[in-house]
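Trainee: Show me the folded form of this:
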Amino acid sequence: MEENTQQVQTSAKEPEEEQKNKIESAGKTVKQKRKPPISGNGWTNDLKKAFEINEKIQKDRLNPHNKLNLKTDAKVKITPLGGLSEIGGNMMVIETEKCAIIVDVGMSFPDGSMHGVDILIPDFTYLRQIRSKIAGIVITHSHEDHVGAMPYFFKEIQVPVYGTSLALESIGAKFDEHKMKQHRSYFRAVQKRKSIKIGEFDVEWMHITHSIIDSSALAITCEAGTILHTGDFKIDHTPVDGYPTDLHRFAHYGEKGVLAFLSDSTNSHSAGFTKSELTVGPTFDAIFAKAKGRILMSTFSSNLHRVAQAINRAIEFKRKICVIGRSMEKNLDIAMSLGYLKYPKDQFIDAHEVNKFPDNQVLIVTTGSQGEPMSALFRMSIHEHRHIKIKPEDTVVLSAKAIPGNEASVSAIINNLQKAGAEVAYQNYDNIHVSGHAAQEEQKLLLRLAKPKFFLPVHGEYNHVRKHSQTGISCGVLERNVYILSDGEQVEISPKSIKKLKSVKTGKTYIDNQKNRKISNAIVMDRQTMANEGIVMIVAQICQNEQKIDGPIKVASFGLVDSKQESYLAKEIEDLLHHFLEHIKEGLLQNNRALEEELRKVVRKHCIRKYRKYPMIVPTLIVQ
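Mentor: Numbers count the residues shown, from 1 in each chain. Next up, the predicted model:
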């Protein structure tokens, strides 16, 4: 009031009455400004209206229906050929009516019953059927379970391959080994955050963190909508290379509208968050500070950030680095040649130079963290390596978790290392290894960012994808819009619906890596039979006219009876053969193949009845 009065009084020349009117007018204005707020239903209605508006905003931003083109009749089919109901062998086909792309072409490892089999690759039968539609292969990252089957696929079908530099060079190294160097001409290096047209699809590579350098998620857009595929991932906010997951791109597509979300389920049972790769560093610090002799560090050869952390400590503690193991050497060489890792070459020494340096000045980085019998570390542990033998005061760091099924092998190599006098750092350190796969809270984060209409958890056994599907439902995906796939199962998705189509032929092809060739199912089954049930071999000469054995028969068995019972078995087989020939069907002696098959059945029945075994029977009958 005083301020307004002073303003009026400054005009001394104005008439007194006009000044008085202005003072009264100013007083009324101040009184109006000080008017008390409206009480009662007025404010309540305004607040309720604001709440309703905000509630609608919240629902709209979470509702994927508002962001998809529900007027289109476009559809997209998704067919996994590997990676579901299993760990590894990841391969998936995404296709429209006229075009198809393949996401990853991975391999998996055999179990103990697959004798002589080195790796398993997906069955390519369906891809042969749609060969003319395939516009390209898109690679998420260069782990073996995502690229290991590429050479075998390219021996049949050649199409452009899209991926980042490390992934393509890793595939290129495999092509070189298979004498397929010319197929490098199909490589197409991509830029992240930049969409590429591949047939009827627009594909963008988005950076994501994992246990290998330069991993990517994919945004695959077609007329039906956008499919987000995470590849293998975890959300590491402090990665070794300083490049965290590009969450902004997931949010970008989530705001535009995501038709379907395919996400890694490997760690879906793990609550919370997966630890950052950097948490391994302090463990390495403690080990390096304590070690008095050589340090041998073994991890997965593809985990180059883990290797890099060990090398950084070696340089800090003034140790020379020796890299041993073909896959480890190859991966490190590729990463350094492309510029992913940068180290002076004079820090590295060859295996034959290790003994020229004091033990406390050497770090050996090697393969064998899974106890593989042919690995460098295993051979060192049993003193069969050409240059390196484990000795007392060595510290061996196993910076990897045993893959399910490998526990016995890892335990065996630890025993060998300790017998040789080495100190083994493994489960006695909490942070000696961290997973490369997302736990539940990280899975939830991407689900919330993507806000998909349909959710298809991938990568893992049934219990993994089922658990991940429950996480998806808890994050707002409608239960009817969550679908658990299995290998070979084909689904069709449109903005309005998801439905199952036919199942396509799928399975595994056995590979002998020593010769880079396929092994038939029959051979593997024969090996399993011989290993589990034994083998019986019979050689006899038969007189056709008399229907009798001509001369002595020879019987040899392996894995069925011991040497003391061999003669009894031979007598039993001879009696069986006599009885068989006495009651033989007419005309069977004229068909040698049918004759041997009938004898095989007779001898097998005897072995089942007498020995409770199903041995392989190998008869050789000479009919004269």
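Trainee: hang on, isn't Ala420 packed against Phe378?
Mentor: No - using CB atoms under 8 Å, Ala420 makes no contact with Phe378, being 11.7 Å away. All C-beta atoms are positioned from the backbone trio N, CA, C, and that covers glycine.
Trainee: neighbour-wise, which of these two wins?
Mentor: Higher neighbour count among Ala420 and Phe378: Phe378, with 23 against 17, using other CB atoms under 10 Å.
Trainee: what does the strand or helix carrying that one rub up against?
Mentor: Applying DSSP states H and E as the criterion places Phe378 in helix 376-381. Outside of helix 376-381, the residues within contact range by CB atoms under 8 Å, 6 or more residues apart in numbering are 296, 298, 324-325, 366-369, 371-372, 385, 388-390, 396, 413, 416-417, 420.
Trainee: The residues you listed, buried ones only, as a PyMOL selection?
Mentor: Of the contacts of helix 376-381, the buried ones can be selected in PyMOL as follows, counting by 16 or more other CB atoms under 10 Å:
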select buried, resi 296+298+324+325+366+367+368+369+371+372+385+388+390+396+413+416+417+420
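Trainee: So which of the contacts of helix 376-381 are in helices?
Mentor: The helices, defined by DSSP state H, take in 413, 416-417 from the contacts of helix 376-381.
Trainee: Report the beta-bridge partners for Thr209.
Mentor: Taking DSSP bridges, one finds Lys234 as the beta-bridge partners of Thr209.
Trainee: Give me the neighbour count for it.
Mentor: Counted with other CB under 10 Å, the neighbours of Thr209 add up to 28.
Trainee: for it, what are its contacts?
Mentor: Counted by CB under 8 Å, 6+ apart, Thr209 has contacts 215, 233-236, 239, 243-245, 277.
Trainee: Flag every buried residue along stretch 484-499.
Mentor: Neighbour counts over stretch 484-499 (16+ other CB under 10 Å) mark 484-485, 487-495, 498 as buried.
Trainee: gap between the two ends of that stretch?
Mentor: Terminal residues of stretch 484-499 lie 12 Å apart, using CA to CA, to the nearest Å.
Trainee: I'd like the ones in helices among the contacts of helix 376-381 written out as JSON lines, with pLDDT added.
Mentor: Formatted as JSON lines, the ones in helices among the contacts of helix 376-381 follow (pLDDT from 0 to 100):
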{"residue": "Ile413", "pLDDT": "94"}
{"residue": "Asn416", "pLDDT": "94"}
{"residue": "Leu417", "pLDDT": "95"}
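Trainee: Throw those residues into a markdown table and include distance to Ser567, thanks.
Mentor: Formatted as a markdown table, the ones in helices among the contacts of helix 376-381 follow (distance: CB to CB, whole Å):
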| residue | distance to Ser567 |
| --- | --- |
| Ile413 | 43 |
| Asn416 | 41 |
| Leu417 | 46 |
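Trainee: any idea which of these is the one closest to Ile287?
Mentor: Here the nearest of these to Ile287, counting by CB to CB, is Leu417; it sits at 14.7 Å.
Trainee: does the closest one really touch Tyr426, like I thought?
Mentor: No - counting by CB under 8 Å, Tyr426 is not a contact partner of Leu417; they are 9.5 Å apart.
Trainee: In the protein, where is pLDDT below threshold?
Mentor: Residue ranges of the chain with pLDDT under 70: 1-41.
Trainee: Can you check which helix is longest in it?
Mentor: Longest helix of the chain, by residue count under DSSP H: helix 41-62.
Trainee: immediately after it, which helix or strand?
Mentor: Helix 41-62 is succeeded, C-terminally, by strand 76-82 (DSSP H and E).
Trainee: now the helix or strand just after that following strand against strand 76-82, angle please.
Mentor: Following strand 76-82 in sequence order, the next helix or strand is strand 91-95 (DSSP H and E). Taking axes from the mean of the first three to the mean of the last three CA atoms, to 10 degrees, one finds that strand 91-95 is oriented at 170 degrees with respect to strand 76-82.
Trainee: and the helix or strand just after strand 91-95, what other elements does it pack with?
Mentor: Using DSSP H and E, the helix or strand that follows strand 91-95 in sequence is strand 100-105. Strand 100-105 sits against strand 91-95, strand 134-138, helix 144-147, strand 215-222, with contacts defined as 3 or more CB pairs under 8 Å, 6 or more residues apart in numbering; DSSP states H and E.
Trainee: Please consider this matter closed, and thank you.
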